[in-house]
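Asker: whatever this is, show me its structure:
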Amino acid sequence: MKLSVNEVIGLAARAARGAGAPPAQAAAFGRAAMFHLAAERAEGTLTAALEALPRGPILTLPLVFIRVLTEECSDTPLPPDVATELMQSYAEAQTFLTTLHPEGPQLQITVDRKSASPGPAISRITMSEDLFTLLNHLAARILVPESEASRIGGAGAGLTDND
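Answerer: Numbers count the residues shown, from 1 in each chain. Alright, predicted model coming up:
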């Protein structure tokens, strides 16, 4: 199945929200998922990260990059249990140039704050039907059920959409 870059980012972010991630971490996951799939990395890594919620890399990896920026350091060691593929996807998703260096059982992050991270030069991303189904299933959890009570509470278009 082929999706646009924006469709992948939005769907992955909504799926992370549906799985229990806070909005900022879900948005970071959506962007990282797009880079992950664009590089044709294993989809199972994304699935495992979603299944790890309410803990796991979706919550911790964005904080790693914030720490790198706020502590004025160029190299930061990471725990060895972080999936290298997912870490690479998060590094590529940053707005600044980020490079990962293997250092024995750990990774080092080098940040160039003056350079922008190049985005992928693609318009469509291939995703398996299984991953698409999982992401849609998780994303559906954030939707309000259709009922009269939800409409009274403000869900839906109400009477403003009466063309």
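
Asker: give me the element Ile66 is part of.
Answerer: helix 57-70 (DSSP states H and E).

Asker: give the buried residues for that helix.
Answerer: Buried residues in helix 57-70, counted by 16 or more other Cβ atoms under 10 Å: Pro57, Ile58, Leu59, Leu61, Pro62, Val64, Phe65, Val68. Every C-beta, even on glycine, is put in place using the N, C-alpha and C of the backbone.

Asker: secondary structure class for the closest residue to the first one other than its chain neighbours?
Answerer: For Pro57, the nearest residue in space outside its immediate sequence neighbours is Ala49; the separation is 5.0 Å by Cβ to Cβ, 6 or more residues apart in numbering. Counting by DSSP: H, G, I helix; E, B strand; the rest coil, the backbone at Ala49 sits in helix.

Asker: quick one: neighbours of Ala49, just the number.
Answerer: 24 (other Cβ atoms under 10 Å).

Asker: do you know the pLDDT at it?
Answerer: For Ala49, the model assigns a pLDDT of 94.

Asker: that one: what's it in contact with?
Answerer: Counting by Cβ atoms under 8 Å, 6 or more residues apart in numbering, Ala49 touches Phe29, Gly56, Pro57, Ile58, Ala83, Leu86.

Asker: pick out whichever of those residues sits closest to Glu40.
Answerer: Nearest to Glu40 among the contacts of Ala49, counting by Cβ to Cβ, is Leu86 at 14.0 Å.

Asker: hang on, the earlier thing: reformat the buried residues of helix 57-70 as JSON lines; add pLDDT and distance to Arg14.
Answerer: Formatted as JSON lines, those follow (pLDDT from 0 to 100; distance: Cβ to Cβ, whole Å):
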{"residue": "Pro57", "pLDDT": "90", "distance to Arg14": "18"}
{"residue": "Ile58", "pLDDT": "93", "distance to Arg14": "13"}
{"residue": "Leu59", "pLDDT": "91", "distance to Arg14": "17"}
{"residue": "Leu61", "pLDDT": "87", "distance to Arg14": "18"}
{"residue": "Pro62", "pLDDT": "87", "distance to Arg14": "17"}
{"residue": "Val64", "pLDDT": "79", "distance to Arg14": "23"}
{"residue": "Phe65", "pLDDT": "78", "distance to Arg14": "22"}
{"residue": "Val68", "pLDDT": "73", "distance to Arg14": "27"}
